[in-house]
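Undergrad: Attaching a predicted model along with its sequence, questions to come.
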Amino acid sequence: MKLNDLTIGKKGKIKKINLPLPIKNRLLDLGLIEENVITCTLISPFEDPKAYKINDTLIALRNKEAKEIEVEKIND
């Protein structure tokens, strides 16, 4: 599934980032590393962008970028 498919409170394990290298490197710097767990925490009124928590850091990603990040859903 894609990162943008996560709803509030749902978690996923990052599997692959399919973005251009400069953007991918920036996301890696923020902690979006394969096998890390990411949680959708907030969704804006128009559903773009969404906020995600990873390693005690809250980041906002537009759906355009989140669609390029593959995650494995984690059942709580």
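TA: Cool, got the structure.

Undergrad: so the residue located most distally from the centre of the chain, which of the three states?
TA: Going by Cα atoms, centre = their mean, the residue of the chain most distant from its centre is residue 45, 18.0 Å out. At residue 45, secondary structure determined by DSSP: H, G, I helix; E, B strand; the rest coil is coil.

Undergrad: how close does it sit to residue 57?
TA: Using Cβ to Cβ, to the nearest Å, residue 45 is found at 23 Å from residue 57. Glycine gets a C-beta too; all of them are placed from N, C-alpha and C.

Undergrad: now residue 63
TA: Here residue 63 is placed at a distance of 20 Å from residue 57 (Cβ to Cβ).

Undergrad: Those two: which has the busier surroundings?
TA: Shown here are residue 63 and residue 57; by other Cβ atoms under 10 Å, residue 63 has more neighbours (15 against 10).

Undergrad: burial measure for residue 61, as a count.
TA: 22.

Undergrad: for it, what are its contacts?
TA: 3-4, 49-50, 52, 69 (Cβ atoms under 8 Å, 6 or more residues apart in numbering).

Undergrad: pull the longest helix from this structure.
TA: helix 21-29 (DSSP state H).

Undergrad: contacting residues for residue 32?
TA: Applying Cβ under 8 Å, 6+ apart, the residues near residue 32 are 14, 17, 38, 54, 69.
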